[in-house]
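> Quick one: sequence plus predicted model below, questions after.
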Amino acid sequence: MATSQNDKVSPTKHVMISYQWDSQKRMIKLRDKLKEAGYNIWMDINHMAGDTLACMADAVENADAILMCVSKRYQDSKSCKKEAEYAFQKDKVIIPLKVEENFQPTGWLGLLMGTALYYQAHSDEMLDKTFSDVLKELGDKGKMAKQEKWLPVQRGGSKALQCPICLLPFKNPKMLPCMHRFCEECLVPLAPTGTKYISCPLCRKESSVPKGDVRQFPTDFHLKELVEEEASKQQLSGGEVEFSCTCCEMGKQSRVVAKCQDCKHYICDSGLSAHKSDEKLCQHKLLLFDVAKGENTETKQKPTAKAEKPEIKLNMETEWWGLFDAMYDDDHSINLLRFWIQCYNGESQWQDMMVNHYLSCLDELKTQGNDQETLAKRQQQIATVFKQAGQYDKAIELIEKALDLEVKELGGRPERLGDLYFLISDVYSERLNSIALARNVDPDMVQQYIKHARNCLNLRRKAKGDDQKFKLASILRSLSHALRNWIDYGGDKTLSAQDAKTESMKHIEEAIKLFTKLKAKGNVAKCIMTKSSLLEAGSEEKEKLLRKALEMCDEVYGEVSRLSGMLLWCMYVLFHTRKDFYEAYKWLEKCSQVRTKVHTFTYCFCNEVYGEVSRLSGMLLWCMYVLFHTRKDFYEAYKWLEKCSQVRTKMSGEHHPHTQMVYEQLNRSIYREIARKTKEAEQKS
């Protein structure tokens, strides 16, 4: 039910931290220190969602005080200028922190600051020194009530188990398509029931909300379990909760020594003995508590005199599909892929074993006489997982079977066929992108991509509704991109490069109109970038489009994002084509800064989710190598290239084209020389 204006609860007052992204790391430390001191803090990485300008305006309006972290980059930032001027207009208490040594504000910032007293915060040491003065200046402004006081989660010094929004331990963590996780109850206010899109509070990526309800986003069960384990450990060591055995008659009279991870019971000495002696319970994983030290350790009980590595045996019709449904997601089945990676300790065989297993499950569905609808649904889901795991050939093979089944047995429903054609065109798109790294594009593959995208487009035009409009716009952009690949190839008698360009331009302009009507600005920016690639290199019109896309990208995703990195690179190429090398250098430097932040963050997050050996980590390591090679920082580039060779060898083997491409780069004279010097230095040390 909609809430009336009078029924709305007045927002809690807070202290707002206004800063430019270069100083974000230090500002996060400041935020945590202030929260520990009992202040309610607003910071964009925790609270930005939906309409960016509206969020900023609300933050300023509801601030008791604003910590303005000034620097040259802050002064040059359009977003920071809007924030600061609105705060000044609203007559807010502004406490300036100087995050750049010897910086003197000029222009609009100098006028706004006047003769205000600055607190030095250009380093962690200076921030620690001036922190007590900042607290005195703040006083009670933005203070939390006692019951709201923030308590950090202790996990080896990290806050990996805290929700980035509420900064408390995760409660029913939900995973967005961009792979960021938040408490379910924190997401609900950001996207009330019926909301079609949500902007990630961290990376600002726009995603469609499944069935208009954020509760439908997949739950990260692995993270949920980690939070529960950590809570058990803290409660035990802090003496906050009196544990009692939950699986024997002694109850509170017995001392708890462990928690069973499978049956979820706290158990005493006698319960532990029962677990070890019982034929079934002996296979359970136990969390053993050292009560004296307040520590816990995980252990898997030794199986009886059978195989050292017991096989995973589940009933295919129930347990396996139940496990699959719990971890499957159309965009990123992170938990499911992580499950298979962990089963085989990150070795490359996990992909083959996963593929063989799910193909066997599908065969089992056929032999058990399940209805064709169930089989078709499972084929599409499994094909999606194969695509996510980089098993493109197997995915295409399975989608073709699903298409055949839909046409021959299920009546060839337009919406289902449209979804399948979109999926297969998406597989070809990803496959082309991966092959492009090896500089070996197959024209037949581009033709298949175009054919399936056209089939999907014809079906999507017949469908109605806003959700179908978003799908239509998405396939228009995808088809335009496919035709762009065909232009690069040069075309042939069936479709010339000029005809492909005309068709591509028509589709991308239609996609821009649709995304604009749907108010999906992030997608509009991507479409504008695609449109610019169809224009003459170095043209004024191309520059105008790229600047427009950059402006929209900054508004939706912030100054640091994957899309902004791509757009900055396009600007560099544009000015380099014009031979305006000074301007080209400026854009290349900006691009370098953004990509360093994006790739480093994504690589760290990828390791957290998939481990150090994965297809994604291989791609990111290659991106880091290219980044430093472009800067001509060959020693740093060599480090990333060497890591990339190790990961790709483990993942795909020595003879895979991607691995061979890495070896080819390592064999270049400059990297052979660096390798020789590195070995000599190691021998001397």
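That came through fine. Residues are numbered from 1 along each chain as shown.
> Past the helix or strand of the chain with the lowest mean pLDDT, which element shows up next along the chain?
Lowest mean confidence among the helices and strands of the chain (mean pLDDT, DSSP states H and E): strand 295-300, at a mean of 44. Scanning forward in sequence from strand 295-300 by DSSP states H and E, the next helix or strand is helix 321-327.
> Give me the helices and strands touching that next one, please.
Judged by 3 or more Cβ pairs under 8 Å, 6 or more residues apart in numbering; DSSP states H and E, helix 321-327 is in contact with helix 334-343. Where C-beta positions appear, they are placed from N, C-alpha and C, glycine not excepted.
> What average pLDDT does the helix it packs on get?
What helix 334-343 shows for mean pLDDT is 72.
> buried residues in it?
334-341 (16 or more other Cβ atoms under 10 Å).
> could you say what helices and strands it packs with?
By 3+ Cβ pairs under 8 Å, 6+ apart, helix 334-343 packs against helix 221-238, helix 321-327, helix 349-367, helix 372-388, helix 581-610.
> 6 Å instead, please
If you count contacts as 3 or more Cβ pairs under 6 Å, 6 or more residues apart in numbering; DSSP states H and E, helix 334-343 packs onto helix 349-367.
> need the buried residues of helix 334-343 in CSV with distance to P218, can you?
Compiled in CSV, these are given as follows (distance: Cβ to Cβ, whole Å):
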residue, distance to P218
I334, 8
N335, 7
L336, 9
L337, 12
R338, 12
F339, 13
W340, 16
I341, 17
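> Could you pick out the longest strand of this protein?
Counting residues, the longest strand found in the chain (DSSP state E) is strand 63-70.
> what's that strand in contact with?
Strand 63-70 has contacts (Cβ atoms under 6 Å, 6 or more residues apart in numbering) with 13, 15-19, 23, 87, 92-99, 105, 138, 141-142.
> how far does that strand sit from the chain's center?
Relative to the chain's own centre, strand 63-70 is displaced by 29 Å; criterion: Cα atoms, centre = their mean, to the nearest Å.
> What of stretch 670-677?
For stretch 670-677, the separation from the chain centroid amounts to 35 Å (computed by Cα atoms, centre = their mean).
> Can you list which of the contacts of strand 63-70 are found in strands?
Among these, the ones falling in strands (DSSP E) are 15-18, 94-98.
> and of those, the nearest to K196?
Set against K196, the nearest of those by Cβ to Cβ is M16 (28.9 Å).
> can you pull the contacts of that closest one?
By Cβ under 6 Å, 6+ apart, the contact set of M16 is 42, 59, 63, 66.
> Neighbour count added to the residues you listed, as a markdown table?
Below are these laid out as a markdown table (neighbours: other Cβ atoms under 10 Å):
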| residue | neighbour count |
| --- | --- |
| W42 | 24 |
| A59 | 23 |
| A63 | 23 |
| I66 | 26 |
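> a markdown table for those residues, including distance to K579 and pLDDT?
Compiled in a markdown table, these are given as follows (distance: Cβ to Cβ, whole Å; pLDDT from 0 to 100):
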| residue | distance to K579 | pLDDT |
| --- | --- | --- |
| W42 | 47 | 83 |
| A59 | 44 | 83 |
| A63 | 48 | 89 |
| I66 | 45 | 92 |
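> nearest to W640, of those residues?
The nearest member of the contacts of M16 to W640, counting by Cβ to Cβ, is W42 at 36.6 Å.
> from memory the closest one sits against H14, does it?
Yes: if you go by Cβ atoms under 6 Å, W42 and H14 touch, sitting 4.4 Å apart.
> could you point out which element follows whichever strand or helix holds I28?
Here I28 sits within helix 24-36, counting by DSSP H and E. Per DSSP H and E, the first helix or strand lying C-terminal to helix 24-36 is strand 41-42.
> Just the buried residues of the contacts of strand 63-70.
If you count burial by 16+ other Cβ under 10 Å, the buried members of the contacts of strand 63-70 come out as 15-19, 23, 87, 92-99, 105, 138, 141-142.
> Of the buried residues of helix 334-343, which is the nearest to V573?
Closest approach between the buried residues of helix 334-343 and V573, by Cβ to Cβ: I334, at 33.5 Å.
> quick one: that closest one and R181, what's the gap?
Distance from I334 to R181, counting by Cβ to Cβ, to the nearest Å: 10 Å.
> returning to what we had before: quick check: of the ones in strands among the contacts of strand 63-70, which lies closest to D329?
Closest approach between the ones in strands among the contacts of strand 63-70 and D329, by Cβ to Cβ: I17, at 33.1 Å.
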